[in-house]
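Asks: Would you be able to build a 3D model of this:
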Amino acid sequence: MQNNLGRAKELLPTIILTILSMVQALALELLWSKIEEGNHLWHFGLAAAVGWLQLLVMLMGILLIWVMYVNFVLRFTWLPAMEDTLIPFFIGLLEFAMIDLMGPNFLGIWFVLLGAVFIVVTLGSHLTLRQARRDSANDYFFNQVNPASWRDYTATIAVVALFCLCGLLLWLFDNNGLMSITALLLALGAMSYRFVQVKHFWMHSLGTESPEGNKV
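Replies: Numbers count the residues shown, from 1 in each chain. Below you'll find the model as predicted:
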């Protein structure tokens, strides 16, 4: 039994990362197809600005999710639960739906799906880090970090609520161009801030920076 547990701890995180990498590669391929098919992207105007911003947000999201999971595999030893193995598939389904609905006509529902991606990724990272906390091999990190509470996820909840609000407003006002650009810039800002957080965590994983307020 101990041998099986050891093999699971050694292999499953890598398998999860491999599956996620395949999902993200497929998402990038679909995203490139959207660029090729998007005639409105190549005509100067508001529609092109909205389209390129949407593509940029989507690309940043794909890269951000992959870097986050690389961080976990690099940093921790843990025994994944069954739910951990399913998270990449849910992420993939949401990403594929978002790419399929890209365009000015479906921007409202697209923002709701973006909020759903944030929820699934946050849930996945919480499950992973909770499992990692139970492994004594990670005590050197978790001894410095308090267990997470709902208060630690208020920023994520606020971002998800903002995305859903943007989606509702864009649906009510028929995807107003200036409102679309504003909403996409907000999404881009949220992604950029999350990238900064992941970078700090990455640097700490390599031993070049101390943890700053990480709670899991």
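
Asks: Counting residues, name the longest helix you see in this structure.
Replies: Longest helix in the chain, counting residues (DSSP state H): helix 2-37.

Asks: which stretches of this structure form strands?
Replies: Under the criterion DSSP state E, strands are not mapped anywhere in the chain.

Asks: So, low pLDDT: which residues of it?
Replies: 1-5, 175, 204-216 (pLDDT under 70).

Asks: Just want the most central residue of it.
Replies: Residue closest to the average C-alpha location in the chain (CA atoms, centre = their mean): Ile65, at 4.0 Å.

Asks: So that one sits against Ser21, correct?
Replies: No - under the criterion of CB atoms under 8 Å, Ile65 lies out of contact with Ser21, with a separation of 10.4 Å. The way it works is simple: take the backbone N, C-alpha and C, and place the C-beta from them, glycine included.

Asks: So what would you say the end-to-end distance of stretch 149-160 is?
Replies: Length of stretch 149-160, first residue to last, CA to CA, to the nearest Å: 18 Å.

Asks: and what of stretch 128-138?
Replies: In terms of CA to CA, the two terminal residues of stretch 128-138 are separated by 12 Å.

Asks: same thing with stretch 169-176?
Replies: Across stretch 169-176, first to last residue, CA to CA, it's 9 Å.

Asks: Can you list the neighbours in contact with that stretch?
Replies: When contacts are defined by CB atoms under 8 Å, 6 or more residues apart in numbering, stretch 169-176 is touched by residues Pro104, Asn105, Leu107, Gly108, Ile109, Phe111, Met179, Ser180, Ala183.

Asks: Selecting buried members of those in ChimeraX, what would you type?
Replies: A single ChimeraX command selects the buried members of the contacts of stretch 169-176 (16 or more other CB atoms under 10 Å):
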select :104,107,108,111,179,180,183
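
Asks: So which of the contacts of stretch 169-176 are in helices?
Replies: Among these, the members found in helices (DSSP H) are Leu107, Gly108, Ile109, Phe111, Met179, Ser180, Ala183.

Asks: List just the nearest of the residues you listed to Phe90.
Replies: When those are compared for distance to Phe90 (CB to CB), Ile109 comes out closest, at 17.3 Å.
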